[in-house]
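Dropping the sequence and predicted coords here.
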Amino acid sequence: MVALHLQAGATGFETEESYEDGGKLHVPRQWIEENDLDPQRLLAIKIRGDSMVPMMYEGDIAVINVHDRNRVNGGVFAVNFKGQALVKRLKYERREWYLASENPDFKQEPCRNGECNVVGRVVRFEPRNFKDRL
C-alpha cells in the first residue's frame, strides 16, 4: 500500500510505500490481465472515515488505476480535494461535477478544477472491516 501526499490545487501526487499493514496487497494476475490493467499504474490505499458506507468501510483497501483519470458520471475515484485524499463517487448534475458519498449523512461537494483533481479510478476494493458488515 502507499500513502498519498497531496497539495491543494496540485494536479500531481507523490506516493510513499506504507508498511503499516504489510506494505503490499496481492492482486491476482489473472484479474489484472482480464481487466487489461498495468500493475505499474495501480496503487492501494486504505479507506478512512465512513462517508462511503455501506460500499466501503474504514480500513478497507481501494485499488486505484492512476492511468484512468477521465471523469465518468457515477464512477468511484480517488481525488485530491483541497489537499485531502478522498474516495468518492463522481456525479455530473446541472452541468457541474460533484463528489458524492454513499453515506446519506454526507452532502455532495462541488468538484471544480483547481480544488478537485482526479488521482485515478477505483478498480477494486478489498473488504477488511467485517465487524460492521456482519
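That came in fine, so what should we check first? Numbering: from 1, shown residues only.

For R128, which non-adjacent residue is spatially closest?
Nearest residue to R128, sequence neighbours excluded (CB to CB, 6 or more residues apart in numbering): G59, at 4.6 Å. All C-beta spots, glycine's among them, are computed from the backbone N, C-alpha and C.

Output the lowest mean pLDDT helix or strand found in this protein.
strand 2-5 (a mean of 53; mean pLDDT, DSSP states H and E).

what helix or strand is the spatially closest residue to F125 that is not a sequence neighbour on?
Closest residue in space to F125, ignoring its immediate chain neighbours: A62 at 4.7 Å, by CB to CB, 6+ apart. Using DSSP states H and E, A62 sits within strand 61-65.

after that strand, next one along is what?
Downstream of strand 61-65, the first helix or strand assigned by DSSP H and E is strand 76-81.

Partner strands of that following strand and their direction?
If you go by DSSP bridges, strand 76-81 pairs up with strand 84-93 (antiparallel), strand 116-126 (antiparallel).

Nearest to V27, out of these?
strand 116-126 (6.8 Å; CB to CB).

Can you give me the buried ones in that closest one?
116-125 (16 or more other CB atoms under 10 Å).

what about dumping the CA coordinates of that strand to PDB?
Provided in PDB are the C-alpha atoms of strand 116-126 (Å, rounded to 0.1, in the frame of the first residue of the first chain):
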ATOM      1  CA  CYS A 116     -10.600  18.900  -7.000                       C
ATOM      2  CA  ASN A 117      -8.300  16.800  -9.200                       C
ATOM      3  CA  VAL A 118      -8.800  13.100 -10.100                       C
ATOM      4  CA  VAL A 119      -5.900  10.800  -9.000                       C
ATOM      5  CA  GLY A 120      -7.400   7.700 -10.500                       C
ATOM      6  CA  ARG A 121     -10.400   5.400 -10.800                       C
ATOM      7  CA  VAL A 122     -11.100   2.800  -8.100                       C
ATOM      8  CA  VAL A 123     -11.000  -0.600  -9.900                       C
ATOM      9  CA  ARG A 124     -11.200  -2.900  -7.000                       C
ATOM     10  CA  PHE A 125     -11.600  -2.900  -3.300                       C
ATOM     11  CA  GLU A 126     -10.800  -5.400  -0.600                       C
END
